[in-house]
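J.: just coords:
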């Protein structure tokens, strides 16, 4: 059974850091683009970071450039999102998704269930 499971969310103060994990089961990330998305209350879901299907390039939305880093550990079949210098506007439910053979995730072949990130003092 194909599954993506996110973890690592929580409550953090502004300026703090979190590392989110997206663990895959039932398949591997080979040939899949991986994307991290977030959805804040009352807002549309937005893509924040993408790793290409060849795993050789990344794309970040402007608001997280220089603060977030997407990476992959093939041995653990896990993708990470390191989030530093967190701001209240980073609050939301974070999802990972995969899509085969693309430079970034657009529609998503598979999605995780999400993990809540709250940035607040």
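T.: Yep, that arrived. Note that the structure is a prediction, hence the values are computed from the model and not measured.
J.: Tell me which residue lies nearest the centroid of this structure.
T.: residue 36 (2.5 Å; CA atoms, centre = their mean).
J.: Hmm, residue 18 and it touching each other?
T.: No - if you go by CB atoms under 8 Å, residue 36 and residue 18 don't touch, sitting 11.9 Å apart. Heads up, the C-betas are built off the backbone N, CA and C, glycines and all.
J.: can you pull out the strands in this protein?
T.: 3-7, 10-12, 18-25, 32-39, 46-51, 58-60, 68-73, 78-83, 92-100, 110-111, 115-119 (DSSP state E).
J.: Output those in CSV, with mean pLDDT appended to each entry.
T.: Below are the strands of the chain laid out as CSV (pLDDT from 0 to 100):
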stretch, mean pLDDT
strand 3-7, 97
strand 10-12, 98
strand 18-25, 98
strand 32-39, 98
strand 46-51, 98
strand 58-60, 98
strand 68-73, 98
strand 78-83, 98
strand 92-100, 98
strand 110-111, 97
strand 115-119, 98
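J.: on that earlier part again, spit out the contact partners of the residue nearest to the centre of the chain.
T.: 20, 22, 47-50, 68, 70, 79, 81, 94-96 (CB atoms under 8 Å, 6 or more residues apart in numbering).
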